[in-house]
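Colleague: model the following, please.
(2 chains)
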Amino acid sequence: MALVCAIVGYVGVATPAAAVILMIAAVGCVGVFAAGIALGTLTLVQWGIGGLAAVYVGSLLYRGAGPDQWSVLIAIGLLASGEMASWSIDSRRRGSDDIAVHLLRLRAIALAVAAALALGVVVQTAAQLGGGGAASAALATGAVLVGVAVICLLLWRIRTSSA
Amino acid sequence: MTVRLRPSPKLLGYATIGVVFLLAGVLFGRVEAAEIGIVFLAAVLVGVVMVREPRFEVTATLEHDAVMEHEQVVLDLEVAATGRVPWVEIGVATPSGVERSGKRLFGAIAVDEDSVRRMSIEFEPVRWGAFRFGPITAAARDSLGFFTYDSVVPQRHTLRVFPHEELLARAIRPFETQLYAGDEVSRRRGDGIEFADVRPFQRGDRVRRINWRVSTRLQELHINEMHPERNADVVIFLDSFSEIGDARDSTLLAAVRATAATARHYLRRRDRVGLVTFGGTLRWQLPGVGLRQAYRIIDALLSTDSMLSYAWKSIDVIPARTLPPKALVIAISPLLDARTTSALLDLRGRGFDLVIVEVSSLSFIAQPKTDDEKIAYRLWLLKRQAMRYEYWRAGVPVAVWTHEEPLIAALQEVEQFRRYGRNLRIS
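Modeller: Residues are numbered from 1 along each chain as shown, chains lettered A, B, ... in the order given. Okay, the predicted model is just below:
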């Protein structure tokens, strides 16, 4: 929750006071995120994170400013918030979990966040060096292809395991 | 063990966020949106690369397969993994009538490669019956919780819970005894221990039976007559047409406990005991003796359940051999169904030695609150009293038994009625 609130605060500081509607949307997204944690519904948490990310991008578009140097941290913050929320929801059971379960999860989250951070930094550096234009388009296209490949891999794994 | 893979909503959410923001980055020309998408897709990629299908086996063993009511029973679970399982949760479907009793509840566990984890779950059966544990489900996940592998353990375990029986010191004496030796002092005369009468000596009488004191006084040989010890035929007539109460306590649960206690008492006395479960489903157990018969009756009782039926049933549907002549018939019933009351009167009409233990349903009924309810309740009580008079007029004793009280009190009430009250005229 603290991470999410920090992101909202950042959006609020960066956005001019005229864009009240963006702030209302951001607070609404935090509400959805909090409701997801309180009710133990992962889907609501995802909607909250997605909405908040959309508000952030919307604020950048509204401002029309240059590249944001903190964007990677914002993205990592959103990812970490989602992971913490899902961990909290998964741990909310009647019985007590093994400590090893939590240690393994912590390790996996750290690994995922580190990998995401590394990729994000690479993308940002490449964008700054390339100065936009063809390099950015190529990078984005490559990332889209990676995304499609991930989804294909995912579907293949699900099919083979179910069979 | 069949395994089914299920992606979590988190995985779909992350993949959707990743793709949508990547496309948004391309469309709006903002690298920040693309970064958000890449970060989420990177997390998905890490999750997909890291995930391994968990390979483990779950075996469950029930410590005892037969226990008494409220006796703890332990289900031992063993999770043997051939590969590392970072997160697995075992679920056991608990049947109605059995509750978890242990304080510790297990959540998720982690099992290392080529290792075995053992867990014990304690249960307490709150009522008698035959219960089936299972299916046992195992839900394994990867560390990030992107995939869930659901599996069902095909093992099922049956637990038989015997009713708590009250140990009866005395019960109802049958009017008629049978030919075989038993513990019941017969009303006939013959070889036995209990003194019956004195009569003049006849040819063939045994000399050791001569009562010398009486013979000297009367100047003629007299012998003692004795009551022989014989066995009796007892048929327990259990009414399962209707019941009032819940899964923990009801008139039928109490009636079965009373049936088990009564059957055990007579079987200990070497009497032949039979069982007729008269209800939506008719079940019977032919009269028999011994420990084997006790187990047969208990097994028959464990499957007793009230079943809704509108079919009118009389005692004609009961096989003739189930009700032997001169048998004592003990009916244990809440007397709530007209079919039972009619069948019992029919039994009495055919000359059976019948007694009724009425399992009181009053403690299972909510007390009336409104005036209308109070009037209806009083009318219902009067109707029940009138029904009892019907039985008394037919010479059938009815003892009302509240299940919190000892059963022997109700049985002694019946015994007193048979000894003294049956000669009274009830008009």
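Colleague: for the lengthiest helix in chain A, packing partners?
Modeller: The residue-count maximum for a helix in chain A (DSSP state H) belongs to helix A:99-130. If contacts are counted by 3 or more CB pairs under 8 Å, 6 or more residues apart in numbering or on different chains; DSSP states H and E, helix A:99-130 sits against helix A:71-90, helix A:134-162, helix B:31-50, strand B:85-92, strand B:109-111. No exception for glycine: its C-beta is placed from N, CA and C like everyone else's.
Colleague: avg pLDDT for that helix?
Modeller: Across helix A:99-130, the average pLDDT comes to 83.
Colleague: what's the angle between it and helix B:31-50?
Modeller: Angle between the axes of helix A:99-130 and helix B:31-50 is 140 degrees (criterion: axes from the mean of the first three to the mean of the last three CA atoms, to 10 degrees).
Colleague: if we can go back for a sec, lowest mean pLDDT across the helices and strands packed on helix A:99-130, which one is that?
Modeller: Of all the helices and strands packed on helix A:99-130, the minimum mean pLDDT falls on helix A:134-162 (a mean of 63).
Colleague: strands of the stretch 1-150 of chain B, start to end?
Modeller: Counting by DSSP state E, counting those that start in this stretch, the stretch 1-150 of chain B forms strands over residues B:2-7, B:56-62, B:66-68, B:73-81, B:85-92, B:98-100, B:109-111, B:115-125, B:129-133, B:136-141, B:147-153, given from the N-terminal end onward.
Colleague: in stretch B:323-338, which residues are buried?
Modeller: Within stretch B:323-338, the residues that count as buried by 16 or more other CB atoms under 10 Å in any protein chain shown are B:323-324, B:327-337.
Colleague: could I get these as JSON lines with distance to residue B:167 and pLDDT?
Modeller: As requested, the buried residues of stretch B:323-338 are exported to JSON lines (distance: CB to CB, whole Å; pLDDT from 0 to 100):
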{"residue": "B:323", "distance to residue B:167": "27", "pLDDT": "84"}
{"residue": "B:324", "distance to residue B:167": "27", "pLDDT": "87"}
{"residue": "B:327", "distance to residue B:167": "24", "pLDDT": "89"}
{"residue": "B:328", "distance to residue B:167": "20", "pLDDT": "91"}
{"residue": "B:329", "distance to residue B:167": "23", "pLDDT": "92"}
{"residue": "B:330", "distance to residue B:167": "17", "pLDDT": "93"}
{"residue": "B:331", "distance to residue B:167": "22", "pLDDT": "93"}
{"residue": "B:332", "distance to residue B:167": "17", "pLDDT": "93"}
{"residue": "B:333", "distance to residue B:167": "23", "pLDDT": "90"}
{"residue": "B:334", "distance to residue B:167": "24", "pLDDT": "90"}
{"residue": "B:335", "distance to residue B:167": "26", "pLDDT": "88"}
{"residue": "B:336", "distance to residue B:167": "28", "pLDDT": "87"}
{"residue": "B:337", "distance to residue B:167": "30", "pLDDT": "85"}
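Colleague: do stretch A:55-75 and chain B meet?
Modeller: Yes. Stretch A:55-75 comes into contact with chain B (CB under 8 Å from any CB of the partner chain), by way of A:56-57, A:60-61, A:67-68, A:71-72, A:74-75.
Colleague: farthest-apart pair in the residues you listed, please.
Modeller: Pairwise distances among those were taken by CB to CB; the largest, 18.3 Å, belongs to A:61 and A:72.
Colleague: higher neighbour count, those two?
Modeller: Set residue A:61 next to residue A:72 and count neighbours by other CB atoms under 10 Å in any protein chain shown: residue A:72 wins out with 25 against 15.
Colleague: look up how far residue B:61 lies from that one.
Modeller: Summarising the geometry, the distance separating residue A:72 from residue B:61, computed by CB to CB, to the nearest Å, is 53 Å.
Colleague: right, and residue B:244 touches residue B:337 too?
Modeller: No. When contacts are counted by CB atoms under 8 Å, residue B:244 is not listed as touching residue B:337 (11.3 Å).
Colleague: rewinding a little: most widely separated two among the buried residues of stretch B:323-338?
Modeller: Pairwise distances among the buried residues of stretch B:323-338 were taken by CB to CB; the largest, 27.9 Å, belongs to B:324 and B:336.
Colleague: if we can go back for a sec, let me know the closest of the buried residues of stretch B:323-338 to residue A:109.
Modeller: Comparing the buried residues of stretch B:323-338 against residue A:109 with CB to CB places residue B:334 closest, at 60.5 Å.
Colleague: OK, contacts around the closest residue in space to the closest one that isn't next to it in sequence?
Modeller: With sequence-adjacent residues excluded and distances taken as CB to CB, 6 or more residues apart in numbering or on different chains, residue B:334 is closest to residue B:251, at 4.1 Å. Shown in contact with residue B:251 (CB atoms under 8 Å, 6 or more residues apart in numbering or on different chains): B:242-245, B:334, B:336, B:359-361, B:364, B:403.
Colleague: residue B:114: neighbouring residues, count only.
Modeller: As a burial measure, residue B:114 scores 10 neighbours (other CB under 10 Å).
Colleague: an error on my part: the question was meant for residue B:169.
Modeller: For residue B:169, the number of neighbouring residues by other CB under 10 Å comes to 9.
Colleague: list the contacts of the closest residue to it other than its chain neighbours.
Modeller: With sequence-adjacent residues excluded and distances taken as CB to CB, 6+ apart, residue B:169 is closest to residue B:408, at 6.5 Å. Residue B:408 makes contacts with B:166, B:168-171, as judged by CB under 8 Å, 6+ apart.
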